[in-house]
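# Structure for the following, please:
(one chain, ligands or ions: 1)
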Amino acid sequence: METSVVKSQAYGKDRVRVVRVVRHADGWQEIADYSVRCLLSGDQFESSYTKGDNKLVVATDSQKNTVFYLAKTLPAEKVMVPEVFASEVAAFMIGKYAHVTTCQVKIITKPWERMKFDNKGHPHSFYREGKETRWTEAIITKVNPPSADQRKVTINSGFYDLEVLKTTNSAFTDFWRDELTTLPDMPDRMLSTKVLCQWRFVDTCLGKLQKLPFDAIYAGAKRNTLDAFANDPRAWVHASVQTTLYIMADRILNEFAAVDDIYYALPNIHYFPFDLSPFGLKNLQTDAEVYMPIADPSGYITATVSRPNKGKI
Ligand SMILES: O=c1[nH]c(=O)c2[nH]c(=O)[nH]c2[nH]1
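Got it, this is the predicted structure:
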């Protein structure tokens, strides 16, 4: 016979990743991106710990569903402010279940900054301020016979972890289909990626290479990456990650003659609309407003792009 007593308890779901998009009629869109922890407690849950009795246990899976359900059904202004949403979820739980005496809801917000072009906020494209890292690498190889001004100089430069997201104007359709395909066509979807971009300068003259405007090229690579992602109409018509990547690289090669080639690695961080049809709510395809970001797996789209005479690497 056990003699220990439960002094306190709380159980629920942690890291419920929920994204709410608000789409205004004029095309302006807002996003809230949360990680939610919802914990329930009450004396009547004690027997679930001590006696294996689950009759009163509200499944943590149901608690997760509730977070998505409320993200969809509450008025937008009650979802977009984390303090308000956290207290709405807690109040809902307390109100619905008589045997729940405390509900504790903690929300961590992932801050998305709205992209700006010409000082104007973009209607539906966002990024994570100050997250990216700039790096560079110089490689010098002697030529034979050795010569002070004849050597192979390569400078690789780039940035990684530039996180971007757009709530519309991406698509993936008309792809290969066979018996292993389950993905439906996605004519309009959320797109989020963490950009890795690197570019290469090659010359035989170190002095000449060192005079290149490296800071301006870095700024331009970043500007073209964001601008292509948010604004280039070619990235809406054939709006796969592959096409977006190619357009980003093509713009940089066209702007900076000194750049020999560009490599991008773009993870496709999936944000899937949460299926709320079991609760009689429409949240798929054009009705999508509440999304679940998927940490793993992600797509991973890469390419090196150069001018035509450079050949394939
Ligand atoms: O832009 C995309 N490219 C793909 O190759 C791909 N594959 C997939 O499942 N989704 C997507 N999206």
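# Next up, the contacts around T141.
R151, K152 (Cβ atoms under 8 Å, 6 or more residues apart in numbering). The way it works is simple: take the backbone N, C-alpha and C, and place the C-beta from them, glycine included.
# Helix, strand, or coil at it?
strand (DSSP: H, G, I helix; E, B strand; the rest coil).
# and it, what pLDDT?
pLDDT for T141: 89.
# what about whatever helix or strand T225 lives in, near the ligand?
According to DSSP states H and E, T225 maps onto helix 214-231. No - Helix 214-231 stays clear of the ligand (Cβ under 6 Å from any ligand atom), getting no nearer than 12.6 Å.
# Just list what that helix packs against, helices and strands only.
Helix 214-231 sits against strand 113-117, strand 120-127, strand 151-172, strand 186-203, helix 241-255, with contacts defined as 3 or more Cβ pairs under 8 Å, 6 or more residues apart in numbering; DSSP states H and E.
# Just the residues contacting it, thanks.
By Cβ under 8 Å, 6+ apart, helix 214-231 touches 115, 117, 122, 125, 127, 132, 134, 136, 157-159, 162, 164, 166, 195, 197, 199, 235, 244, 247-248, 251-252, 255-256, 258-259, 262.
# Among those, which ones lie close to the ligand?
Okay, of the contacts of helix 214-231, nothing touches the ligand (Cβ under 6 Å from any ligand atom).
# Which of the residues you listed are buried? Put it as a ChimeraX command.
Those of the contacts of helix 214-231 that count as buried under 16 or more other Cβ atoms under 10 Å are selected in ChimeraX with:
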select :115,122,125,127,132,157,158,159,162,164,166,195,197,199,235,244,247,248,251,252,256,258,259,262
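# quick one, what contacts F256?
F256 sits in contact with W199, I217, G220, A221, where contact means Cβ under 8 Å, 6+ apart.
# Among those, name the buried ones.
W199, I217, G220, A221.
# Show me what whichever strand or helix holds V105 is packed against.
In the assignment (DSSP H and E), V105 maps to strand 102-109. Under the contact criterion of 3+ Cβ pairs under 8 Å, 6+ apart, strand 102-109 touches strand 29-41, helix 82-96.
# So which bits of stretch 85-104 are buried?
In stretch 85-104, counting by 16+ other Cβ under 10 Å, buried: F85, A86, E88, V89, A90, F92, M93, V100, C103.
# again, but for stretch 272-283
In stretch 272-283, counting by 16+ other Cβ under 10 Å, buried: P273, F274, L276, L281, N283.
# And for that stretch, what's in contact with it?
Counting by Cβ under 8 Å, 6+ apart, residues outside stretch 272-283 touching it are 18, 65, 68-69, 72-73, 284-285, 287-292, 294.
# between the residues you listed, which is closest to the ligand?
The ligand lies nearest to I294 out of those, by Cβ to the nearest ligand atom, at 11.4 Å.
# show me the contacts for the nearest residue to the closest one once chain neighbours are set aside.
Among residues not flanking I294 along the chain, H270 sits closest, at 4.4 Å (Cβ to Cβ, 6 or more residues apart in numbering). Shown in contact with H270 (Cβ under 8 Å, 6+ apart): P293, I294, S298, G299.
# show me the contacts for the residue sitting nearest the centre point of the chain.
Nearest to the geometric centre of the chain sits S192, at 3.7 Å (Cα atoms, centre = their mean). By Cβ under 8 Å, 6+ apart, the contact set of S192 is E163, V164, L165, K166, N268, I269, Y271, P293.
# Touching, the fourth one and S125? I think so.
I take that to be K166. Yes - if you go by Cβ atoms under 8 Å, K166 and S125 touch, sitting 4.5 Å apart.
# ok, which residues in the stretch 201-313 of the chain are in contact with the ligand?
Contact residues, the stretch 201-313 of the chain versus the ligand (Cβ under 6 Å from any ligand atom): S240, V241, Q242, N268, G299.
# Many thanks, have a good one.
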